[in-house]
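Asker: sequence unknown, structure follows:
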Ligand SMILES: [Zn+2]
Ligand SMILES: [Zn+2]
């Protein structure tokens with residue numbers, strides 16, 4: 001038992017087992033996170049639920065996602081230079097992060113799972129790891145090379 005796989009579909013059961021309140025809003029927020037494949041921020045989840053839950057506040061979404069992450073029902077993805085992003089996949093995996101548009105894609109690779117730091121300071125208790133590969137997604141890379149070409153063009157013209 002690795003302790004990383006949590007029940008992903010029966011949220012109500014999981015919340016009850018953890019002694020956390022089960023509310024329609026919590027179920028909806030979790031459902032939205034499960035459906036999303038883009039590691040959404042609290043803002044994005046709030047926006048997507050806005051039509052079905054007009055009274056749902058952004059603060060509630062923030063607090064709920066933070067609670068999910070504390071309870072191990074969601075994973076917090078620490079994207080550099082960005083707001084907190086959340087993931088319904090809590091088993092070990094890694095990420096490809098676009099530094100231009102913030103898109104985050106999942107990477108599953110047992111070699112990365114097996115990574116260990118060469119040396120830990122005495123007393124450090126390792127709880128896990130996630131590798132972030134940073135760069136440009138295909139769309140941004142194309143746009144980037146287009147901008148670079150334009151710049152060269154302008155320079156040559158002068
Ligand atoms: Zn991008
Ligand atoms: Zn992920």
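Answerer: Looks like it came in fine. All values derive from a computational prediction rather than experimental measurement. Ligands and ions are numbered 1, 2, ... in the order given.

Asker: shaky segments in this protein?
Answerer: Scanning the chain for pLDDT under 70 picks out 1-9, 79-82, 145-158.

Asker: for it, what lies in contact range of ligand 1?
Answerer: Proximity of the chain to ligand 1 (CB under 5 Å from the ion) is limited to residues 98, 100, 101, 103, 137, 140. (Each C-beta comes from the backbone N, C-alpha and C, glycine too.)

Asker: recalculate using a threshold of 8 Å.
Answerer: Residues of the chain lying near ligand 1 by CB under 8 Å from the ion: 98, 99, 100, 101, 102, 103, 136, 137, 138, 139, 140, 141.

Asker: do I have it right that the second one meets residue 132?
Answerer: Okay, so that is residue 99. No - in this structure residue 99 lies outside contact range of residue 132 using CB atoms under 8 Å: 10.4 Å.

Asker: on that earlier part again, if we take the residues of the chain next to ligand 1, which one ends up nearest to ligand 2?
Answerer: residue 103 (11.6 Å; CB to the ion).

Asker: and the closest one, how far is that from residue 44?
Answerer: Using CB to CB, to the nearest Å, we find residue 103 at a distance of 12 Å from residue 44.

Asker: hey, what's in contact with both of the two?
Answerer: Here residue 103 and residue 44 have residue 38 as joint contacts, going by CB atoms under 8 Å, 6 or more residues apart in numbering.

Asker: which residue ranges of the protein form helices?
Answerer: Assigned by DSSP state H, the helices in the chain fall at 11-17, 24-35, 42-49, 58-71, 110-113, 138-157.
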